[in-house]
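> no sequence for this one, just the structure:
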Ligand code: IPM
Ligand code: MG
């Protein structure tokens, strides 16, 4: 059997600090005898600074050959003046598109021990466990034509195009139905079918796919209502399926409900189960380089990678158990410490790593 390949893309801000903790854990797994090869490459602002582009060719080709990519974060003030195509975010978007990572899985889970950190009352979020499936390579983010141009009056106008074809809708819908089958068999598809043609088609295709999954209870909801329901009655949801732009917004809301955005992993998959795994939080430039960031979202992203793209179910389970154990022992980084004493990024990584050894 060929070694499994993981490419680390630390990126910017707190990205390098949090991915370093996941690297430690991979080293532990390698020492245990798992056949994993790792490489590290540049992305985002770090890549702009050293090679003038947010997604260097070398990074792209390494990623194409990888089974899993572990991504930190990109972006920061330093690169904010750049035009869209040259910004750090373009590196991430380019990677998603080039690898065809169309299905973005964003779980929002409330950790009981951290329930105090939620912005909602405990009874509304207790045992919250939602999975957002966001389409990631189409829709408003990638639709052509796009640009800023002069209109007939010589005034500038900006425009983007919201489009989805049937194939794009069908394949992400199938992923959402499959995942619903493994969970509570309840799927809510979110659209704006009362206004936008593209989402009328979305609804039609999702209904079509639903006929292949008669056990799944499917509902449809307009996005404005979904935003409201997420903050008023979040527990009505199990799996939410939506497009790229709506998913960007709703997944931030869902993450915040758990009060622990520093704990949430995500996966972006293509049809070969090759995946890019990243923490839901961003680059957090305000705390970068200070050993304050919570590495758990990245470590749990690694466990998703082990399970889904590397076929290492057992180490993934052990790693998740190790994270739970360390939380149970009361160790907290600043974001989840409330008033209590906080430990740093490296220490948290070390505790989890040591716990993994012990398992
Ligand atoms: C996300 C982020 C990205 C997005 C940015 C960094 C391009 O907000 O992953 O949700 O908009 O998709
Ligand atoms: Mg976002």
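Sure thing, it's come through. Bear in mind the structure is a predicted one, so any value in this text is a computation, not a measurement. Residues are numbered from 1 along each chain as shown. Ligands and ions are numbered 1, 2, ... in the order given.

> okay, CA-based contacts and neighbour counts for the rest of this
Will do.

> pLDDT on the one helix or strand residue 62 maps to, on average?
Following DSSP states H and E, one finds residue 62 within helix 57-65. What helix 57-65 shows for mean pLDDT is 98.

> quick one: low-confidence residue ranges for the stretch 51-200 of the chain.
For the stretch 51-200 of the chain, no stretch has pLDDT under 70.

> helices of that one, residue ranges please.
57-65, 88-98, 122-125, 166-182, 197-210 (DSSP state H, counting those that start in this stretch).

> how does this protein divide into domains?
1-111+262-359, 119-257 (automatic domain parsing).

> okay, those, which one's buried deepest?
Mean neighbour count (mean count of other Cα atoms under 10 Å) peaks for domain 1-111+262-359 among these, with a mean of 20.

> distance from that one to the middle of the chain?
10 Å (Cα atoms, centre = their mean, to the nearest Å).

> please shift the residue numbers so they start at 545 in all later answers.
In the new count, where the first residue is 545, that last one comes out as domain 545-655+806-903.

> so which elements touch the helix holding residue 606?
Counting by 3 or more Cα pairs under 8 Å, 6 or more residues apart in numbering; DSSP states H and E, the packing neighbours recorded for helix 601-609 are strand 548-555.

> same thing but 10 Å
strand 548-555, strand 580-584, strand 612-617, helix 632-642 (3 or more Cα pairs under 10 Å, 6 or more residues apart in numbering; DSSP states H and E).

> touching it from outside, list them.
Helix 601-609 is touched from outside by 549-553, 583-587, 591, 610, 613-614, 635, 638-639, 642-643, 818-820, with contacts defined as Cα atoms under 10 Å, 6 or more residues apart in numbering.

> rerun that using 7 Å as the cut-off
551, 585, 586, 613, 643 (Cα atoms under 7 Å, 6 or more residues apart in numbering).

> just those residues now: which is nearest residue 629?
Of all these, residue 586 has the smallest distance to residue 629: 16.8 Å, by Cα to Cα.

> and residue 649, how far from residue 591?
26 Å (Cα to Cα, to the nearest Å).

> how about residue 878?
29 Å.

> likewise residue 726?
39 Å.

> related to what we said a few turns ago, okay if I get the helices of the stretch 595-744 of the chain as CSV plus distance to residue 804?
Shown next, in CSV, are those (distance: least, Cα to Cα, whole Å):
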stretch, distance to residue 804
helix 601-609, 29
helix 632-642, 23
helix 666-669, 12
helix 710-726, 23
helix 741-754, 31
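
> so which of those comes closest to residue 835?
helix 632-642 (22.4 Å).

> give me the helices and strands touching that closest one, please.
If you count contacts as 3 or more Cα pairs under 7 Å, 6 or more residues apart in numbering; DSSP states H and E, helix 632-642 packs onto helix 588-595.

> now the angle from the helix it packs on to strand 612-617?
Helix 588-595 and strand 612-617 are oriented at 90 degrees to each other (axes from the mean of the first three to the mean of the last three Cα atoms, to 10 degrees).

> for helix 588-595, give me every contacting residue.
By Cα under 7 Å, 6+ apart, the list of residues contacting helix 588-595 reads 555, 556, 597, 598, 599, 600, 618, 619, 623, 632, 633, 635.

> of all those residues, which comes closest to residue 736?
For the contacts of helix 588-595, the nearest to residue 736 is residue 633 (26.3 Å; Cα to Cα).

> could you measure the closest one against residue 829, distance?
Counting by Cα to Cα - residue 633 and residue 829 are separated by 14 Å.

> how near is the most centrally placed residue in the chain to residue 750?
Closest residue to the average C-alpha location of the chain: residue 810 at 3.1 Å, with Cα atoms, centre = their mean. Look at residue 810 and residue 750: by Cα to Cα, they are 23 Å apart.

> with that, I have no additional questions.
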